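Chemist: output the structure for:
(one chain, ligands or ions: 1)
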Amino acid sequence: MSSLDAIFFDIDDTLFSTSVFADQARRAAIDAMLRAGLRAERDVALRELQDVIAEFSSNYGNHFDKVLDRLGNESWEGQNRAVIVAAGVVAYHDTKWSKLKVWDDVYEVLKWLAEQPIPRGIISAGITIKQAEKVVRLGVLEFLTPSAIFFTDQVGFSKPNPKLYRRVLEHLDLEPARCLYVGDNPTHDIDPCNDEGWNTVRIRRGGRYSTVDGRTKPDHEISDFFQLRKLLQNEFGL
Ligand SMILES: [Mg+2]
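Modeler: Residues are numbered from 1 along each chain as shown. The predicted structure is shown next:
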């Protein structure tokens, strides 16, 4: 039986359902804007929001302003458009508080893992503050090893650059063959880690990459974290 020196996780669609959360937050935002006086069909406003996100990226800062621009002056005429925008922003953030949680099995298994003698890290791609906020809001910070949390924006390499994964291991003085990465994206999580000689686990439970194939096969595939626990017990003696 091989043993592990560390285990690292991706965040989005690995610890929680990014797509379900984003959909809930966007619907809540549009509903709040309608309550605040936005004059538009709900479906039309939602579609414009989705298009704005697709065209300007999810990290763009003025989604709701853009939606008003696209719906036209008549959608907010006679009102202060900043208040309608603020209603959307507030509802979006409220949804973050209430809905941004890890899946129940993820919580239970990370809690179990925190009792094992092995560091538990994060390697996540995205804007540092946004990803850091997710780690905090998801409610699993206490189960993670503080020195093993990495965001691509800070490291200076993004996925799928294999140097990202190499740099993390250099930083912690770890060997790839004794580390495990758990992620949902075959081309950004699994392929580069396989190339670097890591042990890899692909989690497949929906999300935008669940039907995508990578260049290489993961060493293991799971559909929830209970399967991960079984794998860690059976294959790695945890
Ligand atoms: Mg992901």
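Chemist: quick check: the residue of the chain most remote from its centre vs the ion, distance?
Modeler: Largest separation from the mean C-alpha position in the chain: Gly78, at 39.2 Å (Cα atoms, centre = their mean). From Gly78 over to the ion the distance is 43 Å, taken as Cβ to the ion, to the nearest Å. (C-beta placed from N, C-alpha, C; glycine too.)
Chemist: a helix runs through that residue, doesn't it?
Modeler: No - when classified by DSSP: H, G, I helix; E, B strand; the rest coil, Gly78 is found to be coil rather than part of a helix.
Chemist: count the neighbours of Glu48 for me.
Modeler: A count of neighbours around Glu48, defined by other Cβ atoms under 10 Å, yields 20.
Chemist: let me fix that, I meant to ask about Gly139.
Modeler: So Gly139, with other Cβ under 10 Å, has 14 neighbours.
Chemist: in contact with it: list those residues for me.
Modeler: With contact set as Cβ atoms under 8 Å, 6 or more residues apart in numbering, Gly139 has these partners: 101-102, 107.
Chemist: go again with 10 Å.
Modeler: When the contact criterion is Cβ atoms under 10 Å, 6 or more residues apart in numbering, the partners of Gly139 are 16, 100-102, 107, 110.
Chemist: can you list those in a markdown table and add distance to Ser57 and secondary structure?
Modeler: As requested, these are arranged in a markdown table below (distance: Cβ to Cβ, whole Å; DSSP: H, G, I helix; E, B strand; the rest coil):
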| residue | distance to Ser57 | secondary structure |
| --- | --- | --- |
| Phe16 | 20 | strand |
| Leu100 | 20 | coil |
| Lys101 | 25 | coil |
| Val102 | 25 | coil |
| Tyr107 | 30 | helix |
| Leu110 | 29 | helix |
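Chemist: closest to the ion among those?
Modeler: Of all those, the one with the least separation from the ion (Cβ to the ion) is Phe16, at 9.9 Å.
Chemist: excluding chain neighbours, what is closest to the closest one?
Modeler: Val102 (5.1 Å; Cβ to Cβ, 6 or more residues apart in numbering).
Chemist: next: Arg167.
Modeler: Counting by Cβ to Cβ, 6+ apart, the nearest residue to Arg167 once its immediate chain neighbours are dropped is Val155, at 5.6 Å.
Chemist: close enough to count as contact, that neighbour and Ile123?
Modeler: Yes - with contact defined as Cβ atoms under 10 Å, Val155 counts as touching Ile123 (8.4 Å).
Chemist: so for the two, which residue has more residues nearby?
Modeler: Set side by side, Val155 and Ile123 show more neighbours around Ile123, with 24 against 18, by other Cβ under 10 Å.
Chemist: show me the contacts for that one.
Modeler: Taking Cβ under 10 Å, 6+ apart as the criterion, Ile123 is in contact with 8-11, 148-152, 155, 159, 164-165, 167-168, 181-183, 189, 193.
Chemist: give the bridge partners for it, please.
Modeler: On the basis of DSSP bridges, Ile123 is bridged to Phe150.
Chemist: quick one: contacts of the helix or strand encompassing Val85?
Modeler: Under the criterion of DSSP states H and E, Val85 resides in helix 81-99. In this structure, residues lying in contact with helix 81-99 by Cβ under 10 Å, 6+ apart are 16-17, 20-22, 24-39, 45, 49, 62-69, 73, 75-76, 80, 133-134, 137.
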